[in-house]
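>>> What follows is a predicted structure for the sequence shown.
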Amino acid sequence: MGHSWGGLLGRSVIALPDGKIAVVSFGFDLNTQQTKGLVMRLNSDGSFDETFNKTGKASVELGDTGDNAARGVEAHTDGGLVVYGNFNEGGTLGIYVVRFKEDGTRDEQFSTVMLSAEKRLSFYDIAVRKKDGIIALAGGQRGEGDFDGVGVIVVLKGDGSYHPVFNNGKPLFQKVLPETGQQWSTCAFGGKDENTLIMSGTSGGTWLLDDTRAVLARYLLTGYLDTSFNGQGWVVFDQPDRLEVARDLIITTQDRIVVCGEFRNDRQAIEPQGGWIARYLA
């Protein structure tokens, strides 16, 4: 069995425009005996920002749902924080998206998003479009087995409702690579008007394959692949005798896509043997 690359566990940290720091993780609620997502905002010196929920921290409450954990966070256009994570309801695993106001209280005007599936489903990254607050989330779901993956993309309006244009207002589950599929690990809005959605990820599902490779795709905001990108909407990064795993991407000020990741010499390798970086026209 190869080494698992999926399931980016643990915590997420971002720097906010005002110099403060947002951190998400999970903690244990002694009153309910449940694990709950934990959202924290710190001052630049690392102390708790007590203007955020009066304590510097807040818990993710999902009603009667069981355990949950916060996995990622992004600043919204008005200073609030959009948080995503996983929940476990009676053995059924799912993903959620919630929003906190700038003062640290839960934004009840934001439609809480909750998706569940029998097959493992996770979000791995989030992006917010600056001009209107549209939210994109990238992730994946297990396909026919641990070696098969299905990319998952969700696009929301700023109020948390599904964007009606992207995939007719529904989550997009799609295998870009016909044989093994892929899981998306990073997303960003691209183009001069942020009118496309750039996704990077890794082929397959939970485990490395003998032909694991990195995948980059460009979507129109209708949910269709942009076929003007490499003639089909996607491209793979594949070097001889190496297995490439995508980890991050950025869009440069020159409208280029820069993708980076790690490689292993074979699928039995537990630790990466090095890294790679590639640049594409956006």
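Yep, that arrived.
>>> Distance of the spatially most central residue of the chain relative to Ile250?
What sits nearest the mean C-alpha location of the chain, by Cα atoms, centre = their mean, is Asp125, with 1.7 Å. Here Asp125 is placed at a distance of 12 Å from Ile250 (Cβ to Cβ, to the nearest Å). To be clear about C-beta, it is placed using only N, CA and C from the backbone, and glycine gets the same treatment.
>>> that older thread, ok, now which ones touch the residue nearest to the centre of the chain?
Gly72, Leu137, Ala138, Gly139, Trp184, Ser185, Thr186, Cys187 (Cβ atoms under 8 Å, 6 or more residues apart in numbering).
>>> Repeat that for Gly27.
Contacts of Gly27 (Cβ under 8 Å, 6+ apart): Thr35, Lys36, Leu38, Ser59.
>>> What segments of the stretch 151-282 of the chain are strands?
172-174, 182-190, 196-203, 214-220, 234-237, 243-251, 256-264, 274-281 (DSSP state E, counting those that start in this stretch).
>>> would TSV of those strands with mean neighbour count and distance to Ala22 be doable?
Shown next, in TSV, are those (neighbours: other Cβ atoms under 10 Å; distance: least, Cβ to Cβ, whole Å):
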stretch	mean neighbour count	distance to Ala22
strand 172-174	17	27
strand 182-190	25	18
strand 196-203	27	23
strand 214-220	24	27
strand 234-237	18	31
strand 243-251	21	18
strand 256-264	19	23
strand 274-281	13	27
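>>> would you list those in JSON lines and tack on distance to Val155 and mean pLDDT?
Formatted as JSON lines, the strands of the stretch 151-282 of the chain follow (distance: least, Cβ to Cβ, whole Å; pLDDT from 0 to 100):
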{"stretch": "strand 172-174", "distance to Val155": "8", "mean pLDDT": "96"}
{"stretch": "strand 182-190", "distance to Val155": "10", "mean pLDDT": "96"}
{"stretch": "strand 196-203", "distance to Val155": "7", "mean pLDDT": "97"}
{"stretch": "strand 214-220", "distance to Val155": "9", "mean pLDDT": "98"}
{"stretch": "strand 234-237", "distance to Val155": "18", "mean pLDDT": "97"}
{"stretch": "strand 243-251", "distance to Val155": "17", "mean pLDDT": "95"}
{"stretch": "strand 256-264", "distance to Val155": "19", "mean pLDDT": "96"}
{"stretch": "strand 274-281", "distance to Val155": "22", "mean pLDDT": "94"}
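>>> do you know which of those strands lies nearest Lys54?
strand 182-190 (33.1 Å; Cβ to Cβ).
>>> pull the CA atoms of whichever strand or helix holds Gly27 into PDB?
If you go by DSSP states H and E, Gly27 is part of strand 21-29. Coordinates of each C-alpha in strand 21-29 appear next as PDB, following Å, rounded to 0.1, in the frame of the first residue of the first chain:
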ATOM      1  CA  ILE A  21      -4.000  36.300  12.400                       C
ATOM      2  CA  ALA A  22      -6.900  33.900  12.000                       C
ATOM      3  CA  VAL A  23      -6.400  30.300  13.100                       C
ATOM      4  CA  VAL A  24      -8.900  27.400  12.900                       C
ATOM      5  CA  SER A  25      -8.600  23.900  14.400                       C
ATOM      6  CA  PHE A  26     -10.700  21.900  16.800                       C
ATOM      7  CA  GLY A  27     -11.200  21.500  20.500                       C
ATOM      8  CA  PHE A  28     -13.300  19.400  22.900                       C
ATOM      9  CA  ASP A  29     -16.500  20.700  24.500                       C
END
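>>> Can you give me the distance of the nearest residue to Gly19 once chain neighbours are set aside to Phe100?
Sequence neighbours aside, Ser44 is the residue nearest to Gly19 in space, at 4.6 Å (criterion: Cβ to Cβ, 6 or more residues apart in numbering). Per Cβ to Cβ, Ser44 is found 20 Å from Phe100.
>>> In terms of neighbours, single out the busier of the two.
Between Ser44 and Phe100, counted using other Cβ atoms under 10 Å, the more crowded position is Phe100 (23 against 12).
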